[in-house]
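Undergrad: Could you look at this predicted model? Sequence included:
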Amino acid sequence: MPSFDFSSEVDMVALKNAIDAAGKKIIGRHDFKGTSAKVELNEKDKVITLHADSDFQLNQIKDILFPEMEKKEPDCTKRLDSQTVQKVSGDKVKQELKIKIGIESELAKKIVKLLKDSKLKVQAAIQGDAVRVTGAKRDILQEAIALIKKSITDFPIKYGNFRD
């Protein structure tokens, strides 16, 4: 029986390229000269750290970073979990943006419920941080993909690992 998986993986290479491009733009801007404005990526912990001299400057950094990220990988800013802005020494601030990877259990349950309520002849099973969908024919699986892509717009979901 044909099957595939709904998952949510981040393309770390594209993310790193976007952060590097944003860093170059920040260095090149005259209003950031002599400031502590910078963007860092911790690949191990999956955290982006923004450093700035003020809250206003922090928002400017986001205005540079987010379009760069969207250019490299559409909808990737939806997977960021913004932490609170922290005051560092003096008037400097920093903010961490945690990168969510995988489908959380609530979203996985929502996907399974959508598929069951749609009356499509498919079975959906939650497997770790992915949802496996199995059906009798490819056409039914394609309808399931279309349904989920149309219904879930607040988090980037990819489908793959197709098996016949």
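TA: Perfect, thanks for sending it.
Undergrad: farthest residue from the center of this protein?
TA: G90 (32.3 Å; Cα atoms, centre = their mean).
Undergrad: On the three-state scheme, that one is what?
TA: Three-state assignment for G90 (DSSP: H, G, I helix; E, B strand; the rest coil): coil.
Undergrad: same thing with E96?
TA: With three-state DSSP as the criterion, E96 reads strand.
Undergrad: Pull the contacting residues for the residue most central in space within the chain.
TA: Centroid-nearest residue in the chain: R79, 2.8 Å away (criterion: Cα atoms, centre = their mean). With contacts defined as Cβ atoms under 8 Å, 6 or more residues apart in numbering, R79 is in contact with 8, 10, 99-101, 155-156. For glycine as for every other residue, the C-beta is placed from the backbone atoms N, C-alpha and C.
Undergrad: Phi first, then psi, for it.
TA: Main-chain torsions, R79, degrees, to the nearest 10: phi -90, psi 0.
Undergrad: Which secondary structure element of this structure has the lowest mean pLDDT?
TA: strand 158-163 (a mean of 84; mean pLDDT, DSSP states H and E).
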